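Trainee: Have a look; sequence and predicted model below, questions after that.
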Amino acid sequence: MGVRDMRRRDFLKSLSLTAVALASTPIWQAARAAAAGRAKITEVKLIPLRVVKDLGSYPDWQGSPRNYYIGGGAFSEVHTDQGMIGIGPEFNPALLKQINTVLVGADPFDIEVLAARLYDLGGSGGGYRGSAGVEIAIWDLIGKLSNQPLYKLWGADRERVVPYASMLRLSTPKERGELATKLKGEGWKAMKVRSSFSTMREDIELVESIRKSTSDDWTIMCDGNKAPFNEGSTKGVRWDFTRACQTALEYQRLGVYWLEEPLPRYAYDELAELNRMITMKLAGGEGNRGIHEFRDLLDKGCFDIVQPEVMLEGPTHLRKIAVLAESSEKMCIPHVGDSRLGTVCDLHLVASWPDAVAPYLEIFNDQPIGDYTGPFAIFENPLVLTKDGYFDLPQGPGLGMKVREDFIVRS
């Protein structure tokens, strides 16, 4: 049988990782010739943002306080000798000198090489705020030099994406049911809640309350949070295989769309066994690192949906992970990002993949304090939910976002 006659997934499964990388080669290479000259990176900066308003705090699902501000933090800038500047999320300031050593004098279009070098510095090893934010800024720069939005350079599949409202608090079933009703009225189509109560009965009542308050056309996802970034730090209830299985079967009965992280991150055999026992989708992978780990998750049948985190892996890795997922007839729905530029990058990524691969975008929207509009307030053109429940893709070049000058602290 020739390649032409093979099913696409069988062909892709036969490829090595190197070939998969080639299969996901972006069309932006053709844009290099259209870019004005050969830009060179001259400097990388970390730009602080002032806090405009303190919104208070609330306990997350582990009981740890989450402070919420409008403004604060920082963002990255990658400057060129042509005066063009790419912007991205903040990064670990301890890496600033090393990042400049790697990037100054480089051609931003050499992104495969640059992304690999940044990843070695701290794309994952540097933690959640490693160097991935700088890679995003380089991609923004490539889009600006090419005068195209990133989702178009990556191969646009659509120009609007469905976000789902993701919760951080472990609240009561009654409150979650009331919030679901409110969110549905605002146009949201889906909601993800934390399933970390001390008893399974409470976890089930949570979903029953939301389902009763909405209807069967409202999509519910549940997050067990059993694979935190630092697995030794979790304060929640740890599920064994029996409880994970019993909970999954009850959620399946209630029409839950997916159950996320029901077991520890590297419990590959148990995850695969659980996945074989149910028809509901299993999801996870937000803390996994490296393309090889996602290949293992897919090959072993652990998840129907992999959820790489762009602030750990960077967009270059995420694009390759999506190819691996599609070749296995699975989904790739990224973890939330940073709720600002990292999340906007996720939006461009999702819009460049087929809807069957990435039907949703995760957005933290735990009202009232954790309303999604707070983090986006730093932008001149913030993302806004449409009345029919979508985010429209920014049409400016690169990420298509501009930070408001009144938030920026210039030295």
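Mentor: Nice, I can see it. Numbering: from 1, shown residues only.

Trainee: and residue 248, what pLDDT?
Mentor: The pLDDT attached to residue 248 in the predicted structure is 98.

Trainee: That one is in contact with residue 259, isn't it?
Mentor: Yes. Residue 248 lies in contact with residue 259 (C-beta atoms under 8 Å); the separation is 5.3 Å. For the C-beta atoms, the positions are set from N, CA and C on the backbone; glycine is no exception.

Trainee: Which residues are in contact with each of the two?
Mentor: Both residue 248 and residue 259 are contacted by 280, 282, under the criterion C-beta atoms under 8 Å, 6 or more residues apart in numbering.

Trainee: where along this structure do the strands fall?
Mentor: Assigned by DSSP state E, the strands in the chain fall at 41-48, 51-59, 65-71, 74-80, 85-89, 160-166, 190-194, 219-223, 258-260, 281-284, 305-306, 331-332, 360-364, 391-392.

Trainee: CA-only coordinates of stretch 104-114, as CSV, when you get a sec.
Mentor: Written as CSV, here are the backbone C-alpha positions of stretch 104-114 (Å, rounded to 0.1, in the frame of the first residue of the first chain):
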residue,chain,number,x,y,z
VAL,A,104,21.3,39.0,20.8
GLY,A,105,22.5,38.9,17.2
ALA,A,106,20.1,36.1,16.2
ASP,A,107,17.6,36.1,13.3
PRO,A,108,14.1,35.7,14.9
PHE,A,109,13.1,33.5,12.0
ASP,A,110,15.5,30.8,13.2
ILE,A,111,12.8,29.9,15.7
GLU,A,112,13.4,26.2,15.9
VAL,A,113,17.0,26.7,17.0
LEU,A,114,16.2,29.6,19.3
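
Trainee: what residues are up against residue 246?
Mentor: Counted by C-beta under 8 Å, 6+ apart, residue 246 has contacts residue 200.

Trainee: Likewise for residue 70?
Mentor: 51-53, 55, 374, 377-378.

Trainee: Could you pick out the buried ones from these?
Mentor: Taking 16 or more other C-beta atoms under 10 Å as the criterion, what is buried in the contacts of residue 70 is 374, 377-378.

Trainee: So which of those residues is the closest to residue 217?
Mentor: Nearest to residue 217 among the buried ones among the contacts of residue 70: residue 374, at 28.4 Å, using C-beta to C-beta.

Trainee: and the residue nearest to the closest one when sequence neighbours are not counted, bridged to which residues?
Mentor: Nearest residue to residue 374, sequence neighbours excluded (C-beta to C-beta, 6 or more residues apart in numbering): residue 70, at 5.3 Å. Applying DSSP bridges to residue 70 gives these bridge partners: residue 53.

Trainee: before we move on, what about the one 4 residues further on?
Mentor: The residues paired with residue 74 through beta bridges, assigned by DSSP bridges, are residue 48.

Trainee: and it, what does it touch?
Mentor: Contacts of residue 74 by C-beta under 8 Å, 6+ apart are 46-49, 90.

Trainee: tell me which residues in stretch 195-215 are buried?
Mentor: So, applying 16+ other C-beta under 10 Å, buried residues of stretch 195-215: 195-197, 200, 203-207, 209-211, 213-214.

Trainee: Return the subset of those lying in helices.
Mentor: Judged by DSSP state H, helices contain the following of the buried residues of stretch 195-215: 200, 203-207, 209-211, 213.

Trainee: Residue ranges in this structure under the pLDDT threshold?
Mentor: 1-37, 122-129, 228-236 (pLDDT under 70).

Trainee: Please parse it into its domains.
Mentor: Using automatic domain parsing, the domain ranges for the chain come out as 26-150, 152-404.

Trainee: So which of the ones you listed is nearest residue 411?
Mentor: Using C-beta to C-beta, the domains of the chain put domain 26-150 closest to residue 411, at 8.6 Å.

Trainee: can you give me the offset of the closest one from its chain's centre?
Mentor: 15 Å (C-alpha atoms, centre = their mean, to the nearest Å).

Trainee: Identify the residues contacting the nearest residue to residue 181 once chain neighbours are set aside.
Mentor: Spatial nearest neighbour of residue 181, excluding adjacent residues (C-beta to C-beta, 6+ apart): residue 213 at 4.7 Å. By C-beta under 8 Å, 6+ apart, the contact list for residue 213 reads 177-178, 180-181.
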